[in-house]
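Visitor: Pasting the sequence and the predicted coordinates here, then a few questions.
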Amino acid sequence: MPYSTVQAIKWQKFTSIHVKATGCSGNFPPIHFVTKGTDWFRGHPAALFFGLLVPDFWLHSPRRFNVQDLNRIDSVGARSAQGPAVQMINAMISEAVRVGASDIHIEPRKTVVEIRFRVDGVMHVWKNLPKDMQDICTARVKVMSDLDINEKRLPQDGRVTINVPGRTIDLRISILPVLYGEKIVMRLLDRELSVRGLEQLDFSPYNKSAFDDLIHRPLGLILVTGPTGSGKTTTLYAALNTLKSKTVNIVTCEDPIEYDMDGINQSQVFDKVGLTFARQLRSILRQDPDIILVGEIRDAETAEIAFRAAMTGHLVLSTLHSNDAATSVTRLVDMGVPPFLISSGLIGMVAQRLVRRLCTSCRRQAPPTPRQAELLNIAPTDLIWHPVGCQRCEGTGYKGRLAVHEVVRADEKFERLIMHGATASQLRQAAESIGMIPIREDALNKIRAGLTSVDDVMRQVYVRLDDIDADAELPPLPALEAPTAPALTS
């Protein structure tokens with residue numbers, strides 16, 4: 001008996017709706033639902049689930065359809081023989097992929113369900129759905145991602161892979177109960193995107209040279225820092241793409257694996273069964289690695305294992321959530337990592353943000369505002385680039401994003417400051433004294449080059465007018481005592 005027929009019979013037992021085959025078409029015989037009348041069936045608990053899968057169910061039930069539809073978690077695009085929730089979710093994902101959205105937000109309001117996309121880091125409203133579509137759309141997403149459709153009190157996380165015509169998209173799904181229902185966020189990861197090279201990461205010449213020097217060192221820990229969605233993983237993958245060869249053993253520990261890279265051993269954590277970053281990292285160290293990528297340092301245990309691995313002959317690359325390069329040290333200390341361990345293993349840090357790239361089809365030059373002129377240190381009559389908006393950029397004035405960075409190479413003085421418990425401001429001052437270009441200065445240089453706008457830099461990068469003279473206000477660096485050799489005893 002075909003699986004689909006067995007499934008139909010199980011459905012009959014669960015819902016008490018009589019099901020009988022009315023013909024045969026290959027392995028998927030059409031079935032007919034014999035109910036006690038349309039009004040009775042609308043009130044049945046099964047009606048909600050049928051609204052997910054059966055086209056025009058609310059208008060024409062009971063009706064005849066092919067049971068094959070029950071088995072399909074289908075490719076986005078084919079709209080025939082699909083219910084209203086399936087069609088809506090598929091159309092939503094297709095449109096998000098078309099406009100290049102990184103996230104889809106399904107947000108229940110008091111009277112509507114608001115759908116928003118995050119495009120180039122900014123939220124845009126796509127459309128509002130009727131409130132009565134809320135439950136069936138939520139249930140559809142849960143069915144797709146194999147989540148519990150009955151659980152509405154607790155947050156849930158899942159994932160699913162779908163096929164958009166010509167592309168494979170991974171969806172990372174997060175569901176959170178809020179005041180008017182369950183809020184859903186879907187992160188879109190396009191598997192078809194190739195891993196970038198360092199030359200495609202928008203590094204300035206100095207930052208590219210500094211980062212290239214760091215990743216080619218034989219051992220030590222390199223941290224890439226920034227908020228969620230700032231391109232940290234993309235930077236790490238670009239580094240691995242540069243380093244991979246037949247003579248090097250590279251092993252990764254990720255959550256999840258975002259890009260499939262040939263020639264690299266990629267592993268994934270699984271918290272539900274106890275396979276955490278720390279436990280996975282211990283196993284990786286027994287795999288004779290040369291280079292290790294840790295997706296994220298989330299706790300002191302993972303951090304300590306990563307630092308000890310960096311001190312025992314491995315090059316370790318990882319990410320950390322912090323505001324800038326200097327504050328990543330204080331973040332590690334706050335986690336509970338001993339300062340001596342940080343100073344011994346840390347060889348460099350990269351802080352980055354993503355800002356929107358001006359659309360080259362419609363950007364225009366115009367005089368700056370007084371505040372913009374002061375920020376850029378230019379005359380009020382000088383011209384800078386401003387966003388306009390056209391069909392190519394969907395009227396936003398921006399198309400795509402680019403990264404702004406600051407790169408720190410830790411030297412002996414920097415390491416000793418960490419040991420002596422220097423503040424973030426003092427560490428930042430020391431980093432600038434050895435050549436670091438602050439992220440604000442990298443952003444301002446890209447404004448002057450016409451790559452992005454002042455408004456977007458102000459939105460993404462914390463730039464103050466008094467930052468330019470901030471170094472003069474810093475407290476003096478702590479005095480560093482020269483280490484003394486222990487007295488010898490006979």
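Guide: Okay, I see it. Numbers count the residues shown, from 1 in each chain.
Visitor: What is the least confident helix or strand in this protein?
Guide: Taking mean pLDDT, DSSP states H and E as the measure, the helix or strand of the chain with the lowest value is strand 64-66, at a mean of 32.
Visitor: got the buried residues for the following helix or strand past that strand?
Guide: Where DSSP states H and E defines the elements, the next helix or strand beyond strand 64-66 is helix 84-99. Going by neighbour count (16 or more other Cβ atoms under 10 Å), the buried part of helix 84-99 is Pro84, Ala85, Val86, Met88, Ile89, Asn90, Met92, Ile93, Ser94, Ala96, Val97. To be clear about C-beta, it is placed using only N, CA and C from the backbone, and glycine gets the same treatment.
Visitor: Next: stretch 239-258.
Guide: 239-244, 250-255, 257-258.
Visitor: Just flag the most distant two among those residues.
Guide: Thr242 and Asp255 (22.9 Å; Cβ to Cβ).
Visitor: Surely Leu285 is in contact with Ala306?
Guide: No: taking Cβ atoms under 8 Å as the definition, Leu285 is not a contact partner of Ala306, at 10.1 Å.
Visitor: ok, the two, which is more surrounded?
Guide: Ala306 (26 against 16; other Cβ atoms under 10 Å).
Visitor: Quick one, grab the pLDDT at that one.
Guide: With respect to pLDDT, Ala306 has a value of 93.
Visitor: distance of it from Glu254?
Guide: 14 Å (Cβ to Cβ, to the nearest Å).
Visitor: what does Ser425 give?
Guide: In terms of Cβ to Cβ, Ser425 sits 34 Å off from Glu254.
Visitor: Over to Met133?
Guide: The spacing between Met133 and Glu254, counted by Cβ to Cβ, is 35 Å.
Visitor: ok so, going back, tell me which two in the buried residues of helix 84-99 are the farthest apart.
Guide: Going by Cβ to Cβ, the pair spanning the buried residues of helix 84-99 furthest: Pro84 and Val97, at 20.6 Å.
Visitor: picking up where we left off before, nearest to Gly158 among the buried residues of stretch 239-258?
Guide: Nearest member of the buried residues of stretch 239-258 to Gly158, counting by Cβ to Cβ, is Asp255, at 13.8 Å.
Visitor: Wait, Gly421 touches Pro338, no?
Guide: No: contact criterion Cβ under 8 Å: Gly421 and Pro338 do not qualify, at 11.2 Å.
Visitor: so where's the stretch 101-250 of the chain shaky on pLDDT?
Guide: Applying pLDDT under 70 to the stretch 101-250 of the chain flags the ranges 192, 194.
Visitor: residue ranges of the helices in it, please?
Guide: When assigned using DSSP state H, counting those that start in this stretch, the helices of the stretch 101-250 of the chain occupy the ranges 134-144, 205-215, 232-243.
Visitor: What is the first one packed up against?
Guide: If I follow you right, that is helix 134-144. helix 46-53, helix 84-99, strand 101-108, strand 156-164, strand 167-178, strand 181-190 (3 or more Cβ pairs under 8 Å, 6 or more residues apart in numbering; DSSP states H and E).
Visitor: Could you save these as JSON lines and add columns showing distance to Leu320?
Guide: As requested, the helices and strands packed on helix 134-144 are exported to JSON lines (distance: least, Cβ to Cβ, whole Å):
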{"stretch": "helix 46-53", "distance to Leu320": "41"}
{"stretch": "helix 84-99", "distance to Leu320": "29"}
{"stretch": "strand 101-108", "distance to Leu320": "21"}
{"stretch": "strand 156-164", "distance to Leu320": "22"}
{"stretch": "strand 167-178", "distance to Leu320": "20"}
{"stretch": "strand 181-190", "distance to Leu320": "20"}
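Visitor: Alright, that wraps it up for me.
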